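Student: Below are the sequence and a predicted model; questions follow.
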Protein chains: 4
Amino acid sequence: MTLGTTVWVIADGYIPPGSTGPAPDMTSHDSACILNAGDIEANVAVRLFFTDREPAGPYRLRVPPRRALHQRINDLEGPEPVPVGVDYCTVLTSDVPIVVQHTRLDSRQAANALMSTIAYPGAAA
Amino acid sequence: MTLGTTVWVIADGYIPPGSTGPAPDMTSHDSACILNAGDIEANVAVRLFFTDREPAGPYRLRVPPRRALHQRINDLEGPEPVPVGVDYCTVLTSDVPIVVQHTRLDSRQAANALMSTIAYPGAAA
Amino acid sequence: MTLGTTVWVIADGYIPPGSTGPAPDMTSHDSACILNAGDIEANVAVRLFFTDREPAGPYRLRVPPRRALHQRINDLEGPEPVPVGVDYCTVLTSDVPIVVQHTRLDSRQAANALMSTIAYPGAAA
Amino acid sequence: MTLGTTVWVIADGYIPPGSTGPAPDMTSHDSACILNAGDIEANVAVRLFFTDREPAGPYRLRVPPRRALHQRINDLEGPEPVPVGVDYCTVLTSDVPIVVQHTRLDSRQAANALMSTIAYPGAAA
């Protein structure tokens, strides 16, 4: 089964600086949730765009065949750390079709807030 | 009236482990809200993809003609129980066109959080 | 300027039964937010699909040229009242192109929760 | 890299009147988060549609090449101030392709609520 496309955009990226509640579950985070429904490993490159500097990345992810990867942007390991409390946009490119959904958990205040959206497919399916 | 398509993807699946408030309304849940606007019953197969194991399912759902089904993933009955507090992705396939929206209610903390998105249509309409 | 399409679907409809905070702003509600960016009045028919009965409606709305209409489903006037605390799906059909976004405010608990998504376009643009 | 399209619609616009928590981070706001992934500056015109009056704008934004701009609608500077606590819809038009995501932070009550969705692409990619 092949599902999705190879380019995805999340235009609202932000890691809330601060958290209320037990880590890691309630730690504020910004996630790219990825499905690779196919039978070939997906090699995904993540690039972050900022307000006042050149893009960062690529950060490299691998999603095995028939697997989910809910990647916290907070936890990306790569060429440089991702800044907290800073606006960014995210572009994900993959060598095989994937599906991407963007979710943020913001626990800066006493009860957590959530938001989510399917990302924007930047290439034809 | 025929609306939607036959394959839908929810890339961010997660059942929050814990709830605050009266059950079942305020119980934390992750739902696939399905519309079958047509005149033929929809037979829907739900498959769950995980981070570190092969997919689970299919879980079988039926949506009668001209009916809504807001299915809590928590309540799926099928080949195996759905784990709580574990990342997954969901793929729904139907024999007739449907529309799917993904909604989570997270009441782990004192006031509930909500998130929702139209799922990703994985086949042409 | 013509923007959008003539059929829209909201698969997750629900009016939370109960509210915390001053009415009407903080009253729990489920809304269809409509833009008519064109120069001709839009006549919109709203139909509600349920789990265990035939659909209700059509409820009739008019959106003047170049106008916004954020319609609380709670406040629809038509063939019958909309039940509270009951699952439904919404289909909107218009005689001219519109754009529809679905938003819910849930204030059953102490602090309000929000969710929103662009609705599913059920016809070609 | 060129990503997105030149017309985007946010049908649910609203700036919550009131905030809880430290400004500016926790100030209630309604944002259009924009990515210009290309190599040419984007000139973006923002128009606001209301329930009972003609549209306002255009408000002018510039997004440099390879940059993110998370624009709070609260902070738009232009032909007239944006009213608070009033329903509107937003149309963004750009001279080069961009991607737009809509996010609201509502901190009227004790803990903030969030909602987000990719905006509706009003032109072919």
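Tutor: Here it is on my side, so go on. Numbering: from 1, shown residues only, chains lettered A, B, ... in the order given.

Student: so what's the residue positioned nearest the centre of chain A closest to, chain neighbours aside?
Tutor: Centre of chain A computed as the mean C-alpha position; nearest residue by CA atoms, centre = their mean is residue A:32, 2.5 Å away. Closest residue to residue A:32 apart from its sequence neighbours, by CB to CB, 6 or more residues apart in numbering or on different chains: residue A:71 at 5.1 Å. Heads up, the C-betas are built off the backbone N, CA and C, glycines and all.

Student: quick revisit: roughly how far is the helix or strand containing the residue nearest to the centre of chain A from the heart of the chain?
Tutor: If you go by DSSP states H and E, residue A:32 is part of strand A:29-36. Here strand A:29-36 shows a centroid-to-chain-centroid distance of 5 Å under the convention CA atoms, centre = their mean, to the nearest Å.

Student: Quick one: mean pLDDT over that strand.
Tutor: Across strand A:29-36, the average pLDDT comes to 98.

Student: Quick check, the residue nearest to residue A:32 in contact with residue A:29.
Tutor: No: with contact defined as CB atoms under 8 Å, residue A:71 and residue A:29 do not form a contacting pair (9.9 Å).

Student: quick one, strands of chain A?
Tutor: Secondary structure of chain A (DSSP state E): strands at A:5-13, A:29-36, A:42-50, A:56-63, A:67-72, A:88-106, A:113-118, A:120-121.

Student: Okay, buried residues for stretch A:24-40 please.
Tutor: Neighbour-count burial for stretch A:24-40 flags A:26-38 (criterion: 16 or more other CB atoms under 10 Å in any protein chain shown).

Student: before we move on, the earlier item: please work out which of the strands of chain A is packed deepest.
Tutor: strand A:113-118 (a mean of 28; mean count of other CB atoms under 10 Å in any protein chain shown).

Student: Please list the strands that that one pairs with in its sheet, giving the direction of each pairing.
Tutor: The pairing partners recorded for strand A:113-118 under DSSP bridges are strand A:88-106 (antiparallel).

Student: and the angle from the strand it pairs with to strand A:67-72?
Tutor: 90 degrees (axes from the mean of the first three to the mean of the last three CA atoms, to 10 degrees).

Student: I'd like the average pLDDT over strand A:88-106.
Tutor: 98.

Student: quick one on the thing from earlier: the residue nearest to the centre of chain A and residue A:26: what is the separation?
Tutor: According to CB to CB, to the nearest Å, residue A:32 and residue A:26 sit 19 Å apart.

Student: again, but for residue A:47
Tutor: Residue A:47 sits at a distance of 28 Å from residue A:26 (criterion: CB to CB).

Student: and chain A, which of its residues are near chain B?
Tutor: Residues of chain A found near chain B (CB under 8 Å from any CB of the partner chain) are A:1, A:3-4, A:20-21, A:25-26, A:31, A:33-35, A:37, A:66-70, A:99-101, A:103, A:105, A:107, A:110-118, A:121, A:125.

Student: one more time with 6 Å
Tutor: When proximity is defined by CB under 6 Å from any CB of the partner chain, chain A lies next to chain B at A:3, A:33, A:35, A:66, A:68, A:70, A:99, A:101, A:103, A:111-118.

Student: Give me the spatial nearest neighbour of residue A:7, chain neighbours excluded.
Tutor: Nearest residue to residue A:7 in three dimensions, chain neighbours excluded: residue A:122, at 3.6 Å (CB to CB, 6+ apart).

Student: and residue A:4, how many neighbours does it have?
Tutor: For residue A:4, the neighbour count with other CB atoms under 10 Å in any protein chain shown is 26.

Student: same check, this time on residue A:79
Tutor: Neighbour tally, residue A:79, other CB under 10 Å: 10.

Student: Write out the residues of chain A neighbouring chain D.
Tutor: Residues of chain A that fall close to chain D, judged by CB under 6 Å from any CB: A:9, A:11-12, A:49-51, A:55, A:87-89, A:106, A:109-111, A:113, A:115, A:117, A:120, A:122.

Student: Please repeat the previous calculation with a cut-off of 7 Å.
Tutor: Taking CB under 7 Å from any CB of the partner chain as the measure of proximity, chain A contacts chain D at A:9, A:11-12, A:49-51, A:54-55, A:87-89, A:91, A:104, A:106, A:109-111, A:113-115, A:117-120, A:122.

Student: Let me know whether residue A:21 touches residue B:113 as I believe.
Tutor: No: if you go by CB atoms under 7 Å, residue A:21 and residue B:113 don't touch, sitting 11.7 Å apart.

Student: Check the residue in chain A positioned nearest to chain C and give its pLDDT.
Tutor: Here the residue of chain A nearest chain C is residue A:111; by CB to the nearest CB that distance is 5.6 Å. According to the prediction, residue A:111 has pLDDT 90.
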